[in-house]
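In: Based on what follows, work out the 3D shape:
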Amino acid sequence: MKTDTIAAISTAMSNSGIGIIRISGDEAISLISSIFINKNNRKCLSDYRSNTIHYGFIIDEDKNIIDEVMVSVMKSPNSYTTEDTVEINCHGGVFMMKKIMDVVLKTGVRAAQPGEFTKRAFLNGRIDLSEAEAVMDIINSKNEFALKASVSQLKGSISSVIKKLREEILYEIAFIESALDDPEHISLDGYQEKLSEKIEDIIEKLKNMIDTADNGKILKEGINTVIVGKPNVGKSSLLNILVGEEKAIVTDIAGTTRDALEEQINLNGIILNIIDTAGIRDTEDVVEKIGVEKSKKHLENADLIIYVVDASTRLDENDNEIIKLLNGRQSVILLNKSDLETLTTEQDIKLYMNNSDCDNIISFSAKEQIGLEKLEETVKHLFFNGKILFNDEVYITNIRHKSAMQDALSSLELVKQSILNEMPEDFYSIDLMSAYSSLGKIIGEEVGEDLVNEIFSKFCMGK
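Out: Numbering: from 1, shown residues only. A predicted model of the protein is given here:
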């Protein structure tokens, strides 16, 4: 099938050592040949072997030299898109990249849409949809886990599992259909028991993968963390220490923080999406009161709450209100200002919480930066059983994949119920096909054009 030829600047639009313009399509090599010359005035890139790189110059329509370049030639199917592809490696000035891009477009090449190169790789069968999504996840990786999980998915870790499960389901569908069409030669006697065992095995595998989704998503995207406490207890100081710079204004005046400040930090491999909120207290100040209400709303969506207490003062009714908000939530309590005379102890907190077993209370000093390691250890215990493992386990980090697996799981549960109810075999086939289709959405075999377009529209330009 003939495709139009597309181009995009594939490197960041900022001054750098090298810039890359990528061109892909049936006419990529012939069209770029018209604006490329090497040192011997040789222009035809088609004469070069595939997957080679060549020194030369880009010229405009008036034969003026625009830049000294290295041009990579990748002939179909040995390229990222499986189409003929040319990459122009030029000097990385923004003006220069734009100028060469203009020259490329004047040859008749079309500007690519976001993610169109990867979309073509998917449509041409080089990668499936889960592998295509992993490409963008690699680009957006924020920590080692996210990077390793994305690379693993790009290499087909999820695809191979899903394809195997679909093969097993499809075998059962084919067996049932064959037996119904030819009952004289294919018997279904005792089949329900065998099918039930197979369905249980597939259900267990799906559940194991779905169970990784919450941790996988948190490790990939970060823990939504809210810092709460009364005014002037050290919340903003904590934020500044975690971020490593003065992001929040710190004064001795209570109520300095009127609105939420949001930052993202990497705490030794754990991403915290931190919100520093306004101090929670009874106040007549209209603006501060709005900030307090916002603080309470942020608490509702938090994965983790860090409650900062001024250990150099005594607890009061405002602390009591905050402690009630922590009920049933993942939380860490920091007894800040531990470098000063202590008036509030760990035991005092436990009495307020009516929980003598609470062990997520940390003696802390923002001024002396004491307690950071303990905070990190506590977060790991709360979310990852004390350690983050970069092993070969398949983690589900994509909410779309999780949703499709849950749909497949529901369909397989219906098969189990049909077996228990001794329903006719064609009932099994219907729900097995539904599970098969749901899993197919993960790798792109059961998705519509609209969903494909939506997924690739979120990609960066040039990828």
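
In: Output the lowest mean pLDDT helix or strand found in this protein.
Out: helix 286-300 (a mean of 61; mean pLDDT, DSSP states H and E).

In: Go ahead and name everything in contact with the very next helix or strand once past it.
Out: With elements assigned by DSSP states H and E, the helix or strand that comes after helix 286-300 is strand 304-310. With C-beta atoms under 8 Å, 6 or more residues apart in numbering as the test, strand 304-310 has contacts from 223-230, 232-235, 238, 272, 299, 315, 319, 322-323, 325-326, 329-337, 344, 349, 364, 375, 379, 382-383. No exception for glycine: its C-beta is placed from N, CA and C like everyone else's.

In: Kindly write the PyMOL command that selects the buried subset of the residues you listed.
Out: Here is the PyMOL selection string for the buried members of the contacts of strand 304-310, based on 16 or more other C-beta atoms under 10 Å:
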select buried, resi 223+224+225+226+227+228+229+230+232+233+234+235+238+272+299+315+319+322+323+325+326+331+332+333+334+335+336+337+344+349+364+375+379+382+383
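
In: Keep only those of the contacts of strand 304-310 that are in strands.
Out: Counting by DSSP state E, the part of those found in strands is 223-228, 272, 331-336.

In: Same list (those) but as TSV, adding distance to residue 40 and pLDDT.
Out: Listed next are the ones in strands among the contacts of strand 304-310 as TSV, based on distance: C-beta to C-beta, whole Å; pLDDT from 0 to 100:
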residue	distance to residue 40	pLDDT
223	59	85
224	60	86
225	61	86
226	65	86
227	65	86
228	70	85
272	57	85
331	71	86
332	68	89
333	73	90
334	70	90
335	75	90
336	72	88
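
In: And those, which is closest to residue 155?
Out: Taking C-beta to C-beta as the measure, residue 223 is the one of these closest to residue 155, at 26.8 Å.

In: Go ahead and confirm that closest one touches residue 384.
Out: No. In this structure, residue 223 is not within contact of residue 384 by C-beta atoms under 8 Å, at 10.1 Å.

In: Need the overlap of contacts for those two.
Out: In contact with both residue 223 and residue 384: residue 270, using C-beta under 8 Å, 6+ apart.

In: The helix or strand that contains residue 240 relative to strand 304-310, how many degrees between them?
Out: For residue 240, the element it lies in under DSSP H and E is helix 235-243. Relative orientation of helix 235-243 versus strand 304-310 (axes from the mean of the first three to the mean of the last three C-alpha atoms, to 10 degrees): 130 degrees.

In: Strand 223-228 and the helix or strand just after helix 235-243, what's the angle between them?
Out: The helix or strand immediately downstream of helix 235-243 is strand 261-267, counting by DSSP H and E. Strand 261-267 and strand 223-228 are oriented at 120 degrees to each other (the same axes, to 10 degrees).

In: quick revisit: can you name every helix or strand that the helix holding residue 240 contacts?
Out: strand 223-228, strand 261-267, strand 270-276, strand 304-310, strand 331-336 (3 or more C-beta pairs under 8 Å, 6 or more residues apart in numbering; DSSP states H and E).

In: from the chain's centre, how far out does the host helix or strand of residue 152 sit?
Out: Under the criterion DSSP H and E, the helix or strand holding residue 152 is helix 144-154. Centroid displacement of helix 144-154 relative to its chain, using C-alpha atoms, centre = their mean, to the nearest Å, is 10 Å.

In: how about stretch 345-352: buried residues?
Out: Those would be 346, 348-350, 352, for stretch 345-352 by 16+ other C-beta under 10 Å.

In: Equivalent analysis for stretch 169-179, please.
Out: Counting neighbours by 16+ other C-beta under 10 Å, one finds that the buried residues in stretch 169-179 are 169, 172-173, 175-176, 179.

In: Mark which of those are part of helices, please.
Out: When DSSP state H defines the helices, the subset of those inside them is 169, 172-173, 175-176, 179.

In: Switch the residues you listed over to CSV; also include distance to residue 406.
Out: Formatted as CSV, those follow (distance: C-beta to C-beta, whole Å):
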residue, distance to residue 406
169, 16
172, 20
173, 20
175, 26
176, 24
179, 30
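
In: now for these, which pair is the farthest apart?
Out: That would be 169 and 179, which, of those, are the farthest apart (C-beta to C-beta) at 16.0 Å.

In: how close does the spatially closest residue to residue 56 that is not a sequence neighbour get to residue 21?
Out: Nearest residue to residue 56, sequence neighbours excluded (C-beta to C-beta, 6 or more residues apart in numbering): residue 38, at 3.9 Å. Distance, residue 38 to residue 21, using C-beta to C-beta, to the nearest Å: 18 Å.

In: before we move on, what about residue 359?
Out: Residue 359 is 57 Å from residue 21, by C-beta to C-beta.

In: the more surrounded of the two?
Out: For residue 359 and residue 21, the more surrounded residue by other C-beta atoms under 10 Å is residue 21, and the numbers stand at 26 against 11.

In: Please, which helix or strand holds the more buried one?
Out: With DSSP H and E as the criterion, the answer for residue 21 is strand 16-24.

In: Of all the residues in that strand, which ones are buried?
Out: 19-24.

In: ok, residue 92 - how many residues close by?
Out: Other residues lying near residue 92 total 17 when counted by other C-beta under 10 Å.

In: Pull the contacting residues for it.
Out: If you count contacts by C-beta under 8 Å, 6+ apart, residue 92 has them with 11, 15-19.

In: Out of those, which is nearest to residue 137?
Out: Taking these together and measuring to residue 137 by C-beta to C-beta, the closest member is residue 11, at 19.4 Å.

In: what about that closest one, distance to residue 97?
Out: From residue 11 to residue 97 the distance is 7 Å (C-beta to C-beta).

In: which neighbours do these two share?
Out: Listed contacts common to residue 11 and residue 97 are residue 19; contacts here mean C-beta under 8 Å, 6+ apart.

In: These two: who's more crowded?
Out: Neighbour count, other C-beta under 10 Å: between residue 11 and residue 97, residue 97 has more, with 26 against 17.

In: Residue 141 sits in which helix or strand?
Out: Going by DSSP H and E, residue 141 is not in any helix or strand.
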